[in-house]
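Enquirer: Give the three-dimensional model of this entry:
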Amino acid sequence: MDAFLRSNNFVRLIAFVLSVMLWLVVRAGPDAADAPPQIDRVTETITGTVEVLLNKERVSLVGEPPEVTLKIHGERLSVWQAKMQANKLKFLVDARNYGEGIHQLPVQVQGLPPGVSQDSQYASIRLEANVRQVFRVELVAERLEDPTKLAAVRAEPNEVAVTGPASLVQQVQKVQARIPVQAFDAPGVEQTVVVNAVNDKGKTLNLSLEPKTVDLVYQPTIQRKEFPKLTAELKGLAKGLKAVLPPEGFTVTVEGLAADVEAIRPEDIKIVVDVTGLGPGDYVREAAISVPATVKLAEKAPLRVPVKITPE
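Expert: Numbering: from 1, shown residues only. Purely as a prediction, here's the structure:
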């Protein structure tokens, strides 16, 4: 062993090891000890529908908002997080300072995790100057057995302003409000409904309407009709007595929808005078009047009937 340590081979070995270590130190440089570990960076693509910011008083977007696909870069975990939550990101195009025409504008993605960047991406949008036109509201009722009832429905307001690109506003055939079936079961009760601008094929157009709703009320014309010379029935007249009622009979006025009033016959109206427990004498009794459920009594005051009761 002593002979090996004193030999030239041992010295050569030591010199070789030291030279290799020195080469490694020189190659790494002075900052090798402080160099951070290399981050695993990746590139992925995300897709989303652009939200176009507009000056809505001046212009409108023609067609549907475009869909874009762009590249994002960053640490693997953050990039994957962005890709998995792409539906929560906002793809924005700011066109608030642009007028009518076709524009190529940059897409800015909002909501990316820290450290994730995006490539430049542009979206093509077409803007058209807005026009405004006023339309009268057309009322529509489906499955209406009596079409004449439609004329008794009132809309408030009865006009709507339609705003949008000229090429689309020109397609408006009418502005419609659909009357709910239950509106005809509740005369005088307001129903709020949405209005829609439709083209000649009945398709709803994507336009701005002001107001967006109207109030509908079914207010049918109420008709009155008098039924004169009606007779009354006596109720509760004791045996051995007789009662005398006015010979000219009684007049009853009913009111309701025209068709319902016209369907009423004199025999449909019942007048009953209750004289239960009364003996001979002169009385004024309040009569009970019944009419079909489709109409009602026009007079609010009760019908007072003079009655003369005498022995037979």
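
Enquirer: Can you report how many residues lie near residue 41?
Expert: For residue 41, the count of nearby residues is 12 (other CB atoms under 10 Å). Using the backbone N, CA and C atoms, a C-beta is placed for each residue, glycine as well.

Enquirer: Likewise for residue 111?
Expert: For residue 111, the neighbour count with other CB under 10 Å is 12.

Enquirer: Tell me both backbone torsions, phi and psi, for it.
Expert: Torsion angles at residue 111 (phi, psi; degrees, to the nearest 10) stand at phi 100, psi 10.

Enquirer: is it true that it touches residue 86?
Expert: No: between residue 111 and residue 86 there is no contact under CB atoms under 8 Å: 9.4 Å.

Enquirer: confidence score at the residue nearest the centre of the chain?
Expert: Computing the C-alpha centroid of the chain and ranking residues by CA atoms, centre = their mean puts residue 194 first, at 6.8 Å. On pLDDT, residue 194 comes in at 94.

Enquirer: Could you check which helix or strand contains it?
Expert: Per DSSP states H and E: residue 194 is located in strand 190-198.

Enquirer: can you tell me the distance between the two ends of stretch 92-104?
Expert: 13 Å (CA to CA, to the nearest Å).

Enquirer: Apart from its chain neighbours, what residue comes closest to residue 279?
Expert: residue 309 (6.8 Å; CB to CB, 6 or more residues apart in numbering).

Enquirer: and that neighbour, how far is that from residue 237?
Expert: 8 Å (CB to CB, to the nearest Å).

Enquirer: so what sits against both of the two?
Expert: Common contacts of residue 309 and residue 237, defined by CB atoms under 8 Å, 6 or more residues apart in numbering, comprise 243, 275.

Enquirer: what kind of secondary structure is the residue nearest to residue 156 when sequence neighbours are not counted in?
Expert: Nearest residue to residue 156, sequence neighbours excluded (CB to CB, 6+ apart): residue 215, at 4.8 Å. Assigned with DSSP: H, G, I helix; E, B strand; the rest coil, residue 215 falls in the strand class.

Enquirer: Now do the same for residue 215: its pLDDT.
Expert: Residue-level confidence at residue 215 comes out at 93, pLDDT.

Enquirer: likewise the one 10 residues further on?
Expert: Predicted confidence (pLDDT) at residue 225: the value is 94.

Enquirer: Please list all residues in contact with the residue nearest to residue 279.
Expert: Taking CB under 8 Å, 6+ apart as the criterion, residue 309 is in contact with 237, 241, 242, 243, 244, 275, 278, 279, 280, 281, 282, 283.

Enquirer: Give me the subset of those that lies in strands.
Expert: Using DSSP state E, the subset of the contacts of residue 309 located in strands is 241, 242, 243, 244, 281, 282, 283.

Enquirer: Do I have it right that the second one meets residue 310?
Expert: When you say that, I think you mean residue 242. Yes: using CB under 8 Å, residue 242 is in contact with residue 310, at 5.9 Å.

Enquirer: Just the buried residues of the helix or strand harbouring residue 139, please?
Expert: Using DSSP H and E, residue 139 sits within strand 122-140. For strand 122-140, burial by neighbour count (16 or more other CB atoms under 10 Å) applies to 123, 125, 127, 128, 130, 133, 135, 137, 139.

Enquirer: State the distance from the second one to residue 51.
Expert: Translated: residue 125. Separation of residue 125 from residue 51 (CB to CB) stands at 11 Å.

Enquirer: Which neighbours do the two have in common?
Expert: Joint contacts of residue 125 and residue 51 (CB under 8 Å, 6+ apart) are 65, 93.

Enquirer: which residue ranges form the helices in the stretch 1-150 of the chain?
Expert: 2-5, 8-28, 76-84 (DSSP state H, counting those that start in this stretch).

Enquirer: which one of the ones you listed has the lowest average pLDDT?
Expert: helix 2-5 (a mean of 54).

Enquirer: Residue 278 is in contact with residue 308, correct?
Expert: No: between residue 308 and residue 278 there is no contact under CB under 8 Å: 10.7 Å.
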